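1. Curious how this folds, go ahead:
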Amino acid sequence: MARVKDLWFKTVKDPDGKTRREKTARHGKGKRWLAVWTNPEGREQTQAFTKKVDAENHGSRMDADKTRGNYIDPNGAKKRLIALAEGTEGGEEGWLKSLVADPSTRQIYGGYWRVHIKPRFGHREIGSILPSEIRAWIKHLETKLSKTTIRNVLRLFEQILQSAVDDDLIAKNPCASKSIKRPKVEPRQVVPWTTERVLAVHAALPERYAIMALLGAGCGLRKGEILGLSEDAVDFDKAVVHVRQQVKLVRSRPLFALPKHDRIRAVPLPASIAEALKKYQIQFPAREVTLPWEELDGKPRTLRLIITGRNSNALRGCTISDKVWRPALVRAGVVTQEQVDERTPGRPNQAIRQHGMHALRHYFASMLLDAGVSVKALAEYLGHSDPGYTLRTYTHLMSGSENRAEKVINAAFHREILGTGTEPERSL
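-> This is a model prediction of the structure:
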């Protein structure tokens, strides 16, 4: 039950048993009335007011909110964002450390926090952060970051502040305000490579790495999955490739990890790719590589990797992109050296991004869709966690489905509707 305490006067009991009011050392200084209540955890909390009625109303409101389950710690809003995100010296764990995610995701989030959020809002009290300030911040970010990066940074900021809402430190998340408009990212329409282009890039790659183009275009593997493909993952008898791990970088150091979304899968191994892979393994035998599993301090795991560096080491994706893939694109005439050298701080090189190794997966998807493979099966082969994402990404490549639908309807109704025994010609 809330109560009110007078900070300017105290009740003193004399030896004769009588009581009298006596001024305290705080008399005439600061606010006089102190609202005292117990929070849902049983801890006593206080807040000072100038008027007694305000203190009484506040205490009553705290009790009522606690009963209704709407209690918000009035002092919680004074917590600084840096303490919420990084933790406190007293040992309280921050949001970033408690985040359940793979090491590379935590590294990305840590970069967003240190570079973009912390300098602007890190030392602010979370209750003082206003939607209007966030809108101005977004406008500033638009001058130096891509729309996709801004959306990712804002999503992280919103998640950190939502933890404050969940812990009843603040009532509303300022990032969730309807007045805050996230930069709209226009969906990029995938334009798949032609077979001729795939073969041209394959021919332009150094002999040691040319097999990567075939594994990407013929099996739909991601770059990290290609680099992490082990000898025992290829079943030539059953014509299947088991995608069990990838090589990824965390703080510039390689490790083995599960594929993206932790989705282990099996994909068909076409006979042509299998034949090329057998020839490759004769020329470049698999080598044992030992790396930590999932975490930099994770348990070491040794695998016989199909593709390794000249020193039998695990290859880094960024090194392959810079030193192997992009020069091959130039030699194949896909891009120019000027496009490769183009740099805009904070923004991706669109010419290179469009023709990264991921283009091989797009080729794989387009070929399977053209052959009539279902979206659900394609999503499984690509390792997508949501077939809806696969559909949204490649729906424009499914042209021709309307023609098939027209033929089905015509075949069913042409006799009854048109009174003819032959299927009508499709109008031009």
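2. Identify the bridge partners of the closest residue to R21 other than its chain neighbours.
-> Excluding its sequence neighbours, the residue lying closest to R21 (Cβ to Cβ, 6 or more residues apart in numbering) is F9, at 4.8 Å. The C-beta positions use only the backbone N, C-alpha and C, and glycine is treated the same way. Beta-bridge partners recorded for F9 (DSSP bridges): K23.
3. Who are the contact partners of F9?
-> Residues counted as contacts of F9 (Cβ atoms under 8 Å, 6 or more residues apart in numbering) are R21, E22, K23, T24, H27.
4. ok, of these, which one's closest to P292?
-> Taking Cβ to Cβ as the measure, P292 lies nearest T24 of those, at 62.3 Å.
5. What is the burial count for K248?
-> For K248, the neighbour count with other Cβ atoms under 10 Å is 25.
6. Now do the closest residue to Q281 other than its chain neighbours against A271, distance only.
-> Computed as Cβ to Cβ, 6+ apart, the closest residue to Q281 that is not its neighbour in sequence is I306, at 6.8 Å. Distance from I306 to A271, counting by Cβ to Cβ, to the nearest Å: 18 Å.
7. More neighbours: which of those two?
-> I306 (23 against 10).
8. In contact with that one, which residues?
-> Residues in contact with I306, defined by Cβ under 8 Å, 6+ apart, are I211, L229, S230, E231, V234, L277, Y280, Q281, A286.
9. For the third one, give me phi and psi.
-> Going back to what we said before, that points to S230. Phi and psi for S230, reported as degrees, to the nearest 10, are phi -100, psi 160.
10. So in terms of bridging, what pairs with it?
-> L305.
11. Can you show me the strands along the stretch 201-350 of the chain?
-> Taking DSSP state E, counting those that start in this stretch to define them, one finds strands in the stretch 201-350 of the chain at 234-235, 240-243, 246-250, 253-257, 265-268, 287-292, 300-305.
12. For D54, which of the ones you listed is the nearest?
-> Closest to D54 of the strands of the stretch 201-350 of the chain, according to Cβ to Cβ: strand 246-250, at 53.1 Å.
13. Please name the strands paired to that closest one in the sheet, noting orientation.
-> Applying DSSP bridges, strand 246-250 is found paired with strand 253-257 (antiparallel).
14. And the residue nearest the centre of this protein?
-> Nearest to the mean C-alpha position of the chain, by Cα atoms, centre = their mean, lies T105 at 6.7 Å.
15. Next up, the contacts around the nearest residue to it once chain neighbours are set aside.
-> Spatial nearest neighbour of T105, chain neighbours left out: L99 (8.0 Å); criterion: Cβ to Cβ, 6+ apart. Going by Cβ under 8 Å, 6+ apart, L99 touches T105, R106, Y109.
16. Mind doing that once more with 10 Å?
-> L99 makes contact with T105, R106, Y109, G110, L156, Q159, I160, S163 under the criterion Cβ atoms under 10 Å, 6 or more residues apart in numbering.
17. Let me see the contact set for V373.
-> Per Cβ under 10 Å, 6+ apart, neighbours of V373: P268, A365, M367, Y381.
18. Could you verify that it is part of a helix?
-> No: read with DSSP: H, G, I helix; E, B strand; the rest coil, V373 is coil and lies in no helix.
19. ranking the contacts of I306 by neighbours, who comes first?
-> L229 (28 neighbours).
20. if I look at the residue nearest to T105, how far off is A85?
-> 10 Å.
21. Overlap of the contact sets of the two?
-> By Cβ under 10 Å, 6+ apart, the residues touching both L99 and A85 are Y109, G110, L156, I160, S163.
22. So R208 is in contact with I307, correct?
-> Yes: with contact defined as Cβ atoms under 10 Å, R208 reaches I307; the gap is 8.0 Å.
23. Of these two, give the one with the bigger neighbour count.
-> Just comparing R208 and I307: by other Cβ under 10 Å the higher neighbour count belongs to I307, 21 against 16.
24. Where does the prediction get shaky in the stretch 301-428 of the chain?
-> Residues of the stretch 301-428 of the chain that meet the criterion pLDDT under 70 lie in 344-348, 399-428.
25. Please, where are all the helices along it?
-> 317-319, 326-331, 337-341, 350-354, 358-370, 375-382, 387-394, 401-418 (DSSP state H, counting those that start in this stretch).
26. Just say which of those is most tucked in.
-> Neighbour counts (mean count of other Cβ atoms under 10 Å) averaged over each of the helices of the stretch 301-428 of the chain peak at helix 358-370, with a mean of 21.
27. Of the strands of the stretch 201-350 of the chain, which is nearest G17?
-> Between G17 and the strands of the stretch 201-350 of the chain, the shortest separation by Cβ to Cβ is 73.5 Å, and it involves strand 246-250.
28. State the mean pLDDT of the closest one.
-> Across strand 246-250, pLDDT averages out at 93.
29. The shared contacts of L99 and A85: which two are farthest apart?
-> Spanning the widest gap among these are G110 and S163, at 15.9 Å by Cβ to Cβ.
30. Look up how far A314 lies from R251.
-> As judged by Cβ to Cβ, R251 and A314 stand 15 Å apart.
31. neighbour-wise, which of those two wins?
-> Comparing R251 with A314 by other Cβ under 10 Å, the one with more neighbours is A314, at 20 against 10.
32. does that one really touch F256, like I thought?
-> Yes: counting by Cβ under 10 Å, A314 touches F256, with 8.3 Å between them.
33. overlap in contacts of those two?
-> Here A314 and F256 have G228, V247, V289, T290, L291, L303, L305 as joint contacts, going by Cβ under 10 Å, 6+ apart.
34. who touches A200 in this structure?
-> W193, T194, A213, A328, L329, R331, A332, G333, V334.
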